[in-house]
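*Asks:* no FASTA, just this:
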């Protein structure tokens with residue numbers, strides 16, 4: 001019986017840990033701005049510009065998107081720029097895309 005329980009736990013653990021389709025919210029909701037930085041460059045950080053964005057009909061920013069982050073130099077960090085401080089968050093190696101929604105002021109990475 002213990003062997004069957006152990007097998008079930010291992011199988012479920014592998015399914016959850018190997019799933020690349022999970023979503024991550026590295027910043028708290030309400031973040032006014034973010035930056036994504038690649039590598040450990042002290043003198044000149046390797047900021048990554050968004051490669052796509054969507055605008056509202058009135059010209060206001062709706063969302064920004066970063067794709068193909070798997071090709072970036074590791075470590076990859078997101079800097080959540082709140083009104084009173086900047087908070088760096090390390091992104092896992094499995095992250096390939098991040099989307100910042102300007103209306104909701106939230107970030108999704110997957």
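*Replies:* Cool, the structure landed. Here the structure is a predicted model, which means the values were calculated and not measured.

*Asks:* how about the helices of this structure, start to end?
*Replies:* Using DSSP state H, the helices found in the chain span residues 2-18.

*Asks:* how about the strands in this protein?
*Replies:* Assigned by DSSP state E, the chain shows strands spanning 33-38, 46-48, 52-55, 61-66, 76-81, 86-91, 98-101, 106-109.

*Asks:* Note down every partner strand of the fourth one and its orientation.
*Replies:* When you say that, I think you mean strand 61-66. Here strand 61-66 has these sheet partners by DSSP bridges: strand 52-55 (antiparallel), strand 98-101 (antiparallel).

*Asks:* Number of residues surrounding residue 91?
*Replies:* Neighbours of residue 91 under the rule other Cβ atoms under 10 Å: 21. C-betas here are computed from N, CA, C, even on glycine.

*Asks:* For residue 80, see how far away it is.
*Replies:* To residue 80, residue 91 is 12 Å away according to Cβ to Cβ, to the nearest Å.

*Asks:* Between those two, which contacts overlap?
*Replies:* In terms of Cβ atoms under 8 Å, 6 or more residues apart in numbering, residue 91 and residue 80 are both contacted by the residues residue 26.

*Asks:* Now for this structure, the helix or strand with the poorest mean pLDDT.
*Replies:* helix 2-18 (a mean of 42; mean pLDDT, DSSP states H and E).

*Asks:* re the thing from before, show me the one of the strands of the chain that comes nearest residue 27.
*Replies:* Proximity to residue 27, assessed across those by Cβ to Cβ, is greatest for strand 76-81 (3.6 Å).

*Asks:* Please identify the buried residues of that closest one?
*Replies:* Neighbour-count burial for strand 76-81 flags 76-80 (criterion: 16 or more other Cβ atoms under 10 Å).

*Asks:* would you turn the strands of the chain into a markdown table with distance to residue 23 and mean pLDDT?
*Replies:* Putting these into a markdown table (distance: least, Cβ to Cβ, whole Å; pLDDT from 0 to 100) gives the following:
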| stretch | distance to residue 23 | mean pLDDT |
| --- | --- | --- |
| strand 33-38 | 16 | 95 |
| strand 46-48 | 19 | 93 |
| strand 52-55 | 18 | 97 |
| strand 61-66 | 14 | 97 |
| strand 76-81 | 14 | 96 |
| strand 86-91 | 12 | 96 |
| strand 98-101 | 10 | 97 |
| strand 106-109 | 5 | 96 |
